[in-house]
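Peer 1: Here is a sequence together with a model predicted from it:
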Amino acid sequence: MQQNGAAALVAKRRERAAERWNLDRGVVLVPAGLMLPIAGTDQFHEYHAHPEHQYLAGVGQPGGVLAFDAGEGWTLFVPQPDAAERVWTGDGPSLAAVGEASGLERVQPASELGEWLERRRGEPLAVIGNDDLTLRAAEYGVESWASLEFATDDEESERLRAVVAELRRAKDPRELALMRQAAAATHRGHMAGIRKARAGLSERALQIEIEVEFFRAGAERTAYGSIVGGGPNAATLHSTPTSREFGEGELILVDAGAEVGGYASDVTRTYPVGPRFEGVQRDLYALVLGVQERAIAGVRPGVEYKDLHLAASVEIAQGLVDLGLLRGDAEGLVERDAQALLFPHGLGHMLGLATHDAGGCLEERPPSDRPTLRYLRADLPLQPGYVVTIEPGIYFIDALLEDPDLRERYRDDVAWERVDGMLDFGGIRIEDDVLVTEEGAEVLSAATPKAMDAIEALRAEGLGA
């Protein structure tokens, strides 16, 4: 088969996976996942193929199964709609079109999967991808999973899954092209948000203005549920947009990203409702921006992501001391996790086919329960081709700052008389998507402004000030 460039890259992924799996015999199944019906309708929730299937197949048809036989190689099984289904959903892609997109010579109807498995009865079986195959086999075209008498090797499945997660860390040229497209669409949306936000506009209305630009710029969906929080709502890390209207003097935090070809962008910007940052807003924004820029400058091959996070934590602690919100030595405050009251999450995460992409933490590094490290989603040395987010933030979160046990524990570390007066402040986060290169780093989302003067110029333009 003559392969196009994208299909050839996907074929190389499968080749590397098979080589690393090093299987002498046996079968591996990688289901894409099934559509989930919406109760009381004849429609389904938005579909997203399992990333392991998408990565290895290069496509993501609902109900598809990528199958690997150690002796024969790869076969992709995809559903073909019957006449009744075509009335409602159309023909869908042909087997030939799926073969061209995936670079696979063997693409067969899902109805043939059961027979294919029957011929391999008694072989070792591993299943990665979506885990619903054995529970909903009929929807994958297998009449009865029990009749096949396969015993899934869970330990082997986890080994194979770990191999794929490791392979997914470094992005190939096709993946990076899609991530650049996602970042470009995300830029369009954030620019609309920065320009159109105003007092009296609701969080939900701003979400719509942002997301419509994602789609106009070529996005197929949002990479995750958009986070739009104004005033105190900006302190909720995963704030769902509401009907609450923005008020004069508040900040707006928008964490939103577009998805193209299954690949995510993840960008956060914080800006004032009015034309300018005012008072302590300026001080805290300058602190977060400086920490973020220095963390990005530290990205290069061989650097431990955890070290970047800890350095950012110390910088935030020092900045909060300088602003009179914390008391003491910055490194000592971090050792006691005091800064985690105001910077409670990790510096960022891997990015790719999932917003929090696979392979972020090395298996031999157990997670920590320290508040400073509890939510660190990346713990590994960076290498060329990795894409990570860098997203420090400072928040005034009631659930943390009004907790009696925490107030007692940090009674000498926190200037409570000042902090208590800022419980309605909200929060500030600045996030970019960063590609690790041979020389250092490339910010994929660099086009979206974050410098204070650039944001203020856009706000003044949008408000006609």
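Peer 2: Perfect, I can see it now. These numbers come from a predicted model, not from an experiment.
Peer 1: in the protein, what spans have low per-residue confidence?
Peer 2: 1-3 (pLDDT under 70).
Peer 1: quick one: furthest residue from the center of it?
Peer 2: Distance from the C-alpha centroid of the chain peaks at Arg119, with 39.1 Å (CA atoms, centre = their mean).
Peer 1: tell me how far the longest helix that the chain contains is from the chain's mean position?
Peer 2: For the chain, the helix that runs over the most residues, judged by DSSP state H, is helix 173-196. In terms of CA atoms, centre = their mean, to the nearest Å, the centre of helix 173-196 is found 14 Å from the chain centre.
Peer 1: Does anything pack onto it? Which helices or strands?
Peer 2: Packing partners of helix 173-196 (3 or more CB pairs under 8 Å, 6 or more residues apart in numbering; DSSP states H and E): helix 5-21, helix 203-216, strand 251-256, strand 258-260, strand 263-264, strand 267-272, strand 432-436, helix 452-463. Heads up, the C-betas are built off the backbone N, CA and C, glycines and all.
Peer 1: Please export the C-alpha coordinates of it as CSV.
Peer 2: In CSV, the C-alpha atoms belonging to helix 173-196 read as follows (Å, rounded to 0.1, in the frame of the first residue of the first chain):
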residue,chain,number,x,y,z
PRO,A,173,5.9,15.5,13.2
ARG,A,174,2.3,14.7,12.4
GLU,A,175,1.3,15.0,16.1
LEU,A,176,3.1,18.3,16.4
ALA,A,177,1.4,19.7,13.3
LEU,A,178,-2.0,18.9,14.8
MET,A,179,-1.0,20.5,18.1
ARG,A,180,0.1,23.6,16.3
GLN,A,181,-3.3,23.8,14.6
ALA,A,182,-5.0,23.3,18.0
ALA,A,183,-2.9,26.1,19.5
ALA,A,184,-3.7,28.4,16.6
ALA,A,185,-7.5,27.7,17.1
THR,A,186,-7.1,28.3,20.8
HIS,A,187,-5.4,31.6,20.2
ARG,A,188,-8.4,32.8,18.1
GLY,A,189,-10.7,31.9,21.0
HIS,A,190,-8.7,33.6,23.7
MET,A,191,-8.2,36.7,21.7
ALA,A,192,-12.0,37.0,21.3
GLY,A,193,-12.4,36.5,25.1
ILE,A,194,-9.8,39.2,26.0
ARG,A,195,-11.4,41.6,23.6
LYS,A,196,-15.1,40.9,24.4
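Peer 1: got the angle for that helix vs strand 267-272?
Peer 2: 10 degrees (axes from the mean of the first three to the mean of the last three CA atoms, to 10 degrees).
Peer 1: and the angle for helix 173-196 with helix 203-216?
Peer 2: Using the same axes, to 10 degrees: helix 173-196 against helix 203-216 is 140 degrees.
Peer 1: for helix 173-196, which positions count as buried?
Peer 2: Within helix 173-196, the residues that qualify as buried are 174-194, counting by 16 or more other CB atoms under 10 Å.
Peer 1: what about the strands in the stretch 351-465 of the chain?
Peer 2: For the stretch 351-465 of the chain, applying DSSP state E, counting those that start in this stretch gives strands covering 387-390, 393-395, 427-429, 432-436, 441-443.
Peer 1: gap between the last one and the chain center?
Peer 2: What that stands for is strand 441-443. That offset, for strand 441-443, works out to 17 Å (CA atoms, centre = their mean).
Peer 1: roughly how far apart are Asp424 and Gly302?
Peer 2: Remark: distance between Asp424 and Gly302 (CB to CB, to the nearest Å) = 43 Å.
Peer 1: Which one of those two is surrounded by more residues?
Peer 2: Asp424 (11 against 8; other CB atoms under 10 Å).
Peer 1: How about the more buried one, nearest residue that isn't a chain neighbour?
Peer 2: Pro232 (4.7 Å; CB to CB, 6 or more residues apart in numbering).
Peer 1: From Ser239, how far out is that neighbour?
Peer 2: Counting by CB to CB, the gap from Pro232 to Ser239 is 10 Å.
Peer 1: quick one, which of those two is more surrounded?
Peer 2: Ser239 (23 against 19).
Peer 1: With Leu376 as the reference, measure out to the more buried one.
Peer 2: Applying CB to CB to Ser239 and Leu376 gives a distance of 21 Å.
Peer 1: And the strands in the stretch 101-250 of the chain?
Peer 2: So, for the stretch 101-250 of the chain - with DSSP E, counting those that start in this stretch - the strands run 107-109, 125-127, 221-222, 227-230.
Peer 1: Just name the most buried of these.
Peer 2: Highest mean neighbour count among these (mean count of other CB atoms under 10 Å): strand 227-230, with a mean of 27.
Peer 1: Which neighbouring elements make contact with that strand?
Peer 2: helix 203-216, strand 251-256.
Peer 1: Compare these and give me the one nearest Ala295.
Peer 2: strand 251-256 (17.2 Å; CB to CB).
Peer 1: Run through the residues that contact Gly426.
Peer 2: Gly229, Gly230, Gly231, Pro232, Asn233, Ala234, Ala235, Glu250, Leu251, Leu253, Tyr395, Phe396 (CB atoms under 8 Å, 6 or more residues apart in numbering).
Peer 1: Oh, that last question was meant for Leu66, not what I typed.
Peer 2: Leu29, Val30, Ala32, His53, Leu56, Ala57, Trp74, Thr75, Leu76, Phe77, Gly129.
Peer 1: try 7 Å
Peer 2: Shown in contact with Leu66 (CB atoms under 7 Å, 6 or more residues apart in numbering): Val30, His53, Leu56, Ala57, Trp74, Leu76.
Peer 1: This completes my enquiry, with thanks.
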